[in-house]
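K.L.:
This is the structure alone, sequence omitted:
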């Protein structure tokens, strides 16, 4: 709240005794009211007295701020987020410590978004209309694609981290915050951070595996599921039970929870939430293309491939509900539960709990996500990685689709958490095998963000000869740039296949 008060507090004009945080930070940010509070921080509406504008000030809880590693990471993540200049990402203006006579809480100053979160919308109004849900998530995907291309994986995409302005525009918030708080020494704090987002945790995060852009895609699929059905894809009595389902079970089909949804919508959710990252959309841009196709009345590419699969998954609870009567079974039909099975069940729960704990420790083991340098020249890739303090070595091999002296891939892969001093192996192409027969299997290169001419040139270089062009609404920045291809980038297809190049046509006439 704003500093109340008729009470005279002459001792410290920048601190309100009724509040747990100072009333004024850095002599310029005057807190007005508390607008949100969670397990990690509290958010205040504030006034920037220097620039005369409203801002949001996120203040890290004092117990977390006392951890030096958390403090350092909190600042670094805030500084990196400040470099993300995109209409769909809440801007970060400033960060620092509010030094007072009693404490020095960490804070970041952000763009104030005067509107609800998606969590608020679903709680207050229930499921969104399918068209609105698709439009919102398409904008979320656009924001995430921008962050991914700038080396920032969100890691905590959830309804509470997506806000809507009064005009209905999307703002994604809290980039890097979960990662910053996962590196402290206090295990209980870190557990709370991860457990609080169990409903949206990707299987690889649950297993403690490498996290990349496709992990955010999975979480976006969970959010799309929830805002379109009114319920998250998995529920349970505990975070461990929910995480177990993310790893081992398929979600219920969305259209069975909301009759307004279609099989094509189901297919998009199924692809985004595939257990194996290789089976998901390989980028937020690819998912956005399918969402826009659905919105425009076209068949999503995922639906064309997986329409049958997308309508088949059932949760364990749904399957059981069709064959088992309610209440206890007759005595004669009861089957004793062996102690061995009970032990296995208990061990499984403990294993999942251990996996979650391991993911917490691993998630904060490095400083930033490895940039995607695929498609760049060797010299460009080396320069980019060296600028971030990484060491490199280069290996070369024949590649059927990537032109000579261009990067095929890296080890570790793009999006993996890395720290300064780590060695990155760059695999570069020597070009296609000239003895390769026509019609051989080729890998579709990633031509996103290129002009149409440059995209066709790259596709031709790797052996494709048949092309067609399509267009979809896009941000102004992506107008006349490639949004995606069909087949998707990095898919292996016959060299005689026709490649559809989807171009951005700019903002729709009636706005987003």
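P.N.:
Perfect, thanks for sending it. Small disclaimer: the values here were computed from a predicted structure and weren't measured. Numbers count the residues shown, from 1 in each chain.
K.L.:
Pick out the residue closest to the middle of this structure.
P.N.:
The centroid of the chain falls nearest to residue 216 when counting by C-alpha atoms, centre = their mean (2.5 Å).
K.L.:
contacting residues for it?
P.N.:
By C-beta atoms under 8 Å, 6 or more residues apart in numbering, the residues touching residue 216 are 144, 148, 153-155, 157, 284. Just so you know, the C-beta spots here come from the backbone N, C-alpha and C atoms, and that holds for glycine as well.
K.L.:
again, but for residue 506
P.N.:
When contacts are counted by C-beta under 8 Å, 6+ apart, residue 506 is found next to 473-476, 479-480.
K.L.:
again with residue 160
P.N.:
The neighbours of residue 160, taking C-beta under 8 Å, 6+ apart as the test, are 117-119.
K.L.:
ok so, going back, may I see the PyMOL selection of the buried members of the contacts of residue 506?
P.N.:
Buried members of those, defined by 16 or more other C-beta atoms under 10 Å, are picked up in PyMOL with:
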select buried, resi 473+474+475
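K.L.:
Quick check: of the contacts of residue 506, which lies closest to residue 69?
P.N.:
Closest approach to residue 69 among those (C-beta to C-beta): residue 475, at 36.6 Å.
K.L.:
Doesn't residue 383 lie inside a helix?
P.N.:
Yes - under DSSP: H, G, I helix; E, B strand; the rest coil, residue 383 falls within a helix.
K.L.:
Tell me, what's the model's pLDDT at it?
P.N.:
Looking at residue 383, its pLDDT reads 86.
K.L.:
Residue 51 too?
P.N.:
Per-residue confidence (pLDDT) for residue 51: 93.
K.L.:
Could you give the number of residues near it?
P.N.:
9 (other C-beta atoms under 10 Å).
K.L.:
Residue 119: what secondary structure?
P.N.:
Secondary structure, three-state DSSP: residue 119 is helix.
K.L.:
What residues of the helix or strand residue 502 falls within count as buried?
P.N.:
Taking DSSP states H and E as the definition, residue 502 sits inside strand 498-504. For strand 498-504, the buried set under the neighbour-count rule, 16+ other C-beta under 10 Å, comprises 499, 501-504.
K.L.:
and residue 199, how far is that from residue 226?
P.N.:
8 Å (C-beta to C-beta, to the nearest Å).
K.L.:
same thing with residue 69?
P.N.:
On the measure of C-beta to C-beta, residue 69 and residue 226 end up 33 Å apart.
K.L.:
and what of residue 31?
P.N.:
Distance from residue 31 to residue 226, by C-beta to C-beta: 32 Å.
K.L.:
Low-confidence stretches in this protein?
P.N.:
1-22, 39, 98-104, 176-196, 305-367, 400-401, 432-439, 509-512 (pLDDT under 70).
K.L.:
Domain boundaries for it, per the record?
P.N.:
24-111, 118-316, 368-429, 441-504 (automatic domain parsing).
K.L.:
picking up where we left off before, can the buried residues of strand 498-504 go into CSV with extra columns for distance to residue 134?
P.N.:
As requested, those are exported to CSV (distance: C-beta to C-beta, whole Å):
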residue, distance to residue 134
499, 25
501, 23
502, 17
503, 20
504, 18
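K.L.:
And those residues, which is closest to residue 41?
P.N.:
Nearest member of these to residue 41, counting by C-beta to C-beta, is residue 504, at 36.0 Å.
K.L.:
Kindly provide the distance from the closest one to residue 288.
P.N.:
10 Å.
K.L.:
Overlap in contacts, the two.
P.N.:
residue 483.
K.L.:
quick one: the residue nearest to the centre of the chain from residue 208, how far?
P.N.:
In terms of C-beta to C-beta, residue 216 sits 17 Å off from residue 208.
K.L.:
Once you drop chain neighbours, what's closest to residue 133?
P.N.:
Residue nearest to residue 133 in three dimensions, not counting chain neighbours: residue 228, with 4.2 Å by C-beta to C-beta, 6 or more residues apart in numbering.
K.L.:
now the helix or strand containing that neighbour, how far from the centre of its chain.
P.N.:
Secondary structure from DSSP H and E places residue 228 in helix 213-229. Taking C-alpha atoms, centre = their mean, to the nearest Å, one finds the center of helix 213-229 at 8 Å from the center of the full chain.
K.L.:
Buried residues, the very next helix or strand once past it. List them.
P.N.:
Proceeding N to C from helix 213-229, the next assigned helix or strand is helix 239-248, under DSSP H and E. For helix 239-248, a neighbour-count test (16+ other C-beta under 10 Å) marks 239-240, 242-247 as buried.
K.L.:
Show residues contacting stretch 227-234.
P.N.:
118, 121-122, 126-128, 130, 133, 136-137, 159, 199-200, 221-222, 225-226, 242, 245-246, 249, 251-252, 254, 257-258, 261, 265, 273, 315.
K.L.:
Select only the buried ones of these in ChimeraX?
P.N.:
Command for ChimeraX that selects the buried part of the contacts of stretch 227-234, burial taken from 16+ other C-beta under 10 Å:
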select :118,121,122,127,128,130,133,136,137,159,199,200,221,222,225,226,242,245,246,249,251,252,254,257,258,261,265,273,315
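K.L.:
all strands for the stretch 251-400 of the chain, in order.
P.N.:
Ranges of strands in the stretch 251-400 of the chain, per DSSP state E, counting those that start in this stretch, are 368-369, 391-397.
K.L.:
among these, which is the most enclosed?
P.N.:
strand 368-369 (a mean of 23; mean count of other C-beta atoms under 10 Å).
K.L.:
what about residue 72, neighbour count?
P.N.:
13.
K.L.:
Could you give me the buried positions within the helix or strand harbouring it?
P.N.:
Using DSSP H and E, residue 72 maps to helix 68-82. Using 16+ other C-beta under 10 Å as the test for burial, helix 68-82 gives 70-71, 73-78, 80-82.
K.L.:
next one: stretch 157-173
P.N.:
By 16+ other C-beta under 10 Å, the buried positions in stretch 157-173 come out as 157-164, 169-173.
K.L.:
got those residues as TSV, with distance to residue 454 columns?
P.N.:
Conversion of those to TSV gives the following (distance: C-beta to C-beta, whole Å):
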residue	distance to residue 454
157	31
158	37
159	38
160	39
161	35
162	33
163	36
164	36
169	31
170	29
171	32
172	29
173	34
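K.L.:
Please narrow those residues to those residing in strands.
P.N.:
Judged by DSSP state E, strands contain the following of the buried residues of stretch 157-173: 162-164, 170-172.
K.L.:
packing partners for the host helix or strand of residue 455?
P.N.:
For residue 455, the element it lies in under DSSP H and E is helix 452-461. The contact analysis (3 or more C-beta pairs under 8 Å, 6 or more residues apart in numbering; DSSP states H and E) places helix 452-461 against strand 466-472, strand 482-486, strand 498-504.
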